[in-house]
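[1] Sequence first, predicted model second:
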Amino acid sequence: MPVKDYLRERFFPHMWCPGCGHGTILNALIHAVEGLGLNKNEIVMVSGIGCSARISGYVDFHSLHTIHGRALTFATGVKLSKPNLKVIVPMGDGDALAIGGNHFIHAARRNIDITAIVMNNRIYGMTGGQFSPLSGPGVKATTAPYTTIDSSFDVVQLAKAAGASFVARSTAFHVKEATEMLTKAITHKGFSVVEILSQCPTHFGRKNKEGDAVNMLNLYKDNTAKLGSKALEEKPHLIPRGIFVDSERPEYCEEYDKIIAAAMKEKAS
Amino acid sequence: MARQKLKAIVINRDWCKGCGICVHLCPKKVLELDAKDKAVAVRPEDCICCRMCELRCPDLAIEIETEEGDNE
């Protein structure tokens, strides 16, 4: 099916700024879904609040636009009631790890079969460029005119420690890689986290003198390296990209089904 | 194997916001921004159908249409 068949064309052109990485992530996600040959009715997109969350309105899947930080909570409800549906939760860095930080670690702990996409632009774009828990020290933001002093979360390490059974990282520059990771994450049984670094030229780029979208994309090319590559070995300060965790662990809905079966058996006897 | 041959570079001018990602990251410099800051294919004959513009376009405004080329 052509890409446009997965979109709600009546809402286009979308509301994201020129050069926003979120559009590229939408593009990669649609290519992943198309590659898997999934039916539009099999997919539910659940999102919270923020620039990133607007993605659920643009796709012609089942969609749920919920409250800030609680997308994973709603998604857990959807998944438990309809375990056959593929549940995809796109979140921004703030939505996933500040407002929704607790929901994020607990969804990972339960290993519920949901695909969480962290569209990390290191800033709150929609509200005017405040710093987020993924900005990291030394970043300029409207709420940090003399730069931030807060350390950032490492999404990969956090997801790994919390128990996610699939964890990967890519960028909006490495679209083919990002599409592959999204494909694997959607097929993976269990909680999958894909962090995709996404440029915000309007707020992050302008404040931090990283130039336009093209320049920011080139920075992703220069500042990241593939896991296990020579470049990463020689320059360990580069941000590693790749699949960090791909393991099997009991999945929450399946475990819950067992409980239902055990309870029904007891009731029948 | 037959190589993919370019049929058309379709650019949706209503969706393009002129960010220039396709223009600058095209390995063959096929695209340019016009006076209205919209992407246009100025050198389609150089296109190698790598589809990187289509995949990277944040506005989902580019589509590379291909057909089976001659056997080489």
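    Good, I have the coordinates. Because the structure is a prediction, the values reported are computed rather than measured.
[2] For the residue nearest to A:G242 when sequence neighbours are not counted, grab the count of nearby residues.
    Closest residue to A:G242 in three dimensions, ignoring its sequence neighbours and counting by Cβ to Cβ, 6 or more residues apart in numbering or on different chains: A:L227, at 3.1 Å. Every residue, glycine included, has its C-beta placed from N, CA and C. Using other Cβ atoms under 10 Å in any protein chain shown, A:L227 has 12 other residues around it.
[3] Touching, A:L227 and A:L238? I think so.
    No: assessed by Cβ atoms under 8 Å, A:L227 is found out of contact with A:L238, at 10.7 Å.
[4] near chain A, which residues of chain B?
    By Cβ under 8 Å from any Cβ of the partner chain, the residues of chain B that approach chain A are B:14-15, B:17-21, B:24-25, B:52, B:55-61, B:63.
[5] from chain A, which residue is nearest to chain B?
    Residue nearest to chain B within chain A: A:G23 (2.8 Å; Cβ to the nearest Cβ).
[6] what does the stretch 151-269 of chain A put close to chain B?
    So far as Cβ under 8 Å from any Cβ goes, the stretch 151-269 of chain A lies against chain B at A:A172, A:F173, A:V175, A:K176, A:T179, A:P201, A:D212, A:A213, A:V214, A:L217.
[7] let's see 10 Å
    A:172-176, A:178-179, A:198-199, A:201, A:212-218, A:221 (Cβ under 10 Å from any Cβ of the partner chain).
[8] Can you select the buried ones among the residues you listed for me in PyMOL?
    Applied in PyMOL, the following selects the buried portion of these according to 16 or more other Cβ atoms under 10 Å in any protein chain shown:
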select buried, chain A and resi 172+173+174+175+178+179+198+199+201+212+213+214+216+217
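[9] So which of the residues of the stretch 151-269 of chain A next to chain B belong to helices?
    Residues of these located in helices (DSSP state H): A:V175, A:K176, A:A178, A:T179, A:A213, A:V214, A:N215, A:M216, A:L217, A:N218, A:K221.
[10] give me the low-pLDDT residue ranges for chain B?
    B:1-2, B:70-72 (pLDDT under 70).
[11] can you give me the helices for the chain?
    No chain was given, so I picked chain A. Going by DSSP H, chain A shows helices at A:21-36, A:55-58, A:71-81, A:93-94, A:101-110, A:155-162, A:175-187, A:206-207, A:213-223, A:230-234, A:252-268.
[12] look at chain B instead
    Using DSSP H, helices in chain B cover B:21-25, B:52-56.
[13] Since that was my last question, I'll sign off now.
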